[in-house]
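> Predicted model and sequence below, questions to follow.
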Amino acid sequence: MKKKQKITRTPGTRDARAFNLRSVFFGIKEKFTILLKVIGITVKKRKIVKNCAIVFLLLAISLLTSSSSQQNSQFTVKTIVIDAGHGGKDPGTHGEFSKEKDVVLKVAKRLGGYIEEYLPDVKVIYTRSGDKFIDLEERALIANRNNADVFISIHANAVSRNSIYGTETYVMGLDKSEGNFEIAKRENSVILYEENAEERYEGFDPNSPESIILLSLTQSAYIENSLYLASKVEEQFKERAGRRSRGVRQAPFWVLWRTTMPSILVEIGYLTNPKEEKDLNDSSIQGNIASGIFRAFRDYKNEIEALN
């Protein structure tokens, strides 16, 4: 992550321009790489797409447009949307005695409280403030409608091996790791709780590799800032919050794909690990986790705004 620190250090006007140009180039390069993968898979699977050439041409133009628009963005962080994963009829993962939806809501509200207290110039918006089911698409649209500058989705993890524990912070992207793909499939499967999901999500199948690859197209415009914020979160977990950091990862999450700002998904620990489940239900440790995310966000905000 040293490269990210170089890019986002406190610079002058010349450095800010260089930062912007690098972000634009990175976005364009990654988007066309993904576009080629989509075309390749479509051809390999011999799937027929109506007016295929026109579709891909329009897609390429939209990718270029969304990337180049980054040059004119203002370096300010004034609104954050905090998303507590799952809720209501969707409990998320669970341990021996607790559910993901309850644990992450407590951490999300603690995080929002810290921001409101110590960064009063930042508007805090929650996708949910109680035990309510919110459609996956709606979570992202809440951020988009409010022109949020940062989107943070908070979750708790689960795995069959109860010896595994620690935090992970994800950004939108493709990764060769089967473990990352499985986590993304589980989080994306929230769609199955929703009414008219097939129509609303345009045939998206959370278990389909083709559907997963398509998710990478939009968020790549914000990948550099998302990665930088994610690295700060994991650094805080490791150095200040006393958590075991499992690092920054990439995976194809629908909720990150639909947002139009730097976005991360934080897995705060494994409810399937007996000790960690106990920790995640401890109020003081929930406060440590929330304060770690807060400090990462605060530092990210300060360094981004120093580019002005």
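Done, it's in. Numbering: from 1, shown residues only.
> Would you map the strands across the protein?
With DSSP state E as the criterion, the chain has strands at 79-84, 123-126, 150-157, 167-172, 245-251, 263-270.
> Sheet partners, orientation included, of the third one?
Based on DSSP bridges, the pairing partners of strand 150-157 within the sheet are strand 79-84 (parallel), strand 263-270 (parallel).
> what is the rounded mean pLDDT of that strand?
If you average the pLDDT over strand 150-157, you get 97.
> likewise the last one?
In this model, strand 263-270 carries a mean pLDDT of 97.
> for the fourth one, same thing?
Averaging pLDDT along strand 167-172 yields 93.
> residues in contact with that strand?
157, 180, 183, 215-216, 219-220, 223, 226-227, 230-231, 233-234, 237, 243-253, 256-257, 263-269, 289 (Cβ atoms under 8 Å, 6 or more residues apart in numbering). Where C-beta positions appear, they are placed from N, C-alpha and C, glycine not excepted.
> Recalculate using a threshold of 6 Å.
With Cβ atoms under 6 Å, 6 or more residues apart in numbering as the test, strand 167-172 has contacts from 219, 226-227, 230, 233-234, 237, 243, 245-246, 248-251, 256-257, 264-268.
> Okay, now the sheet partners of that strand, with direction.
strand 245-251 (parallel), strand 263-270 (antiparallel).
> Output the first one as CSV, nothing but the C-alphas.
Right, strand 245-251. Below are the C-alpha coordinates for strand 245-251, written out as CSV (Å, rounded to 0.1, in the frame of the first residue of the first chain):
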residue,chain,number,x,y,z
SER,A,245,-6.3,-7.6,10.2
ARG,A,246,-6.7,-10.1,7.3
GLY,A,247,-6.0,-7.2,4.9
VAL,A,248,-7.7,-5.4,2.0
ARG,A,249,-9.4,-7.5,-0.6
GLN,A,250,-11.4,-7.2,-3.8
ALA,A,251,-14.7,-9.0,-4.4
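> And that strand, what's buried?
Buried positions in strand 245-251, judged by neighbour count with 16 or more other Cβ atoms under 10 Å: 245-246, 248-251.
> Now tabulate the residues you listed in JSON lines and tack on pLDDT and distance to residue 163.
Listed next are the buried residues of strand 245-251 as JSON lines, based on pLDDT from 0 to 100; distance: Cβ to Cβ, whole Å:
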{"residue": "245", "pLDDT": "97", "distance to residue 163": "17"}
{"residue": "246", "pLDDT": "97", "distance to residue 163": "13"}
{"residue": "248", "pLDDT": "95", "distance to residue 163": "22"}
{"residue": "249", "pLDDT": "92", "distance to residue 163": "19"}
{"residue": "250", "pLDDT": "86", "distance to residue 163": "24"}
{"residue": "251", "pLDDT": "81", "distance to residue 163": "22"}
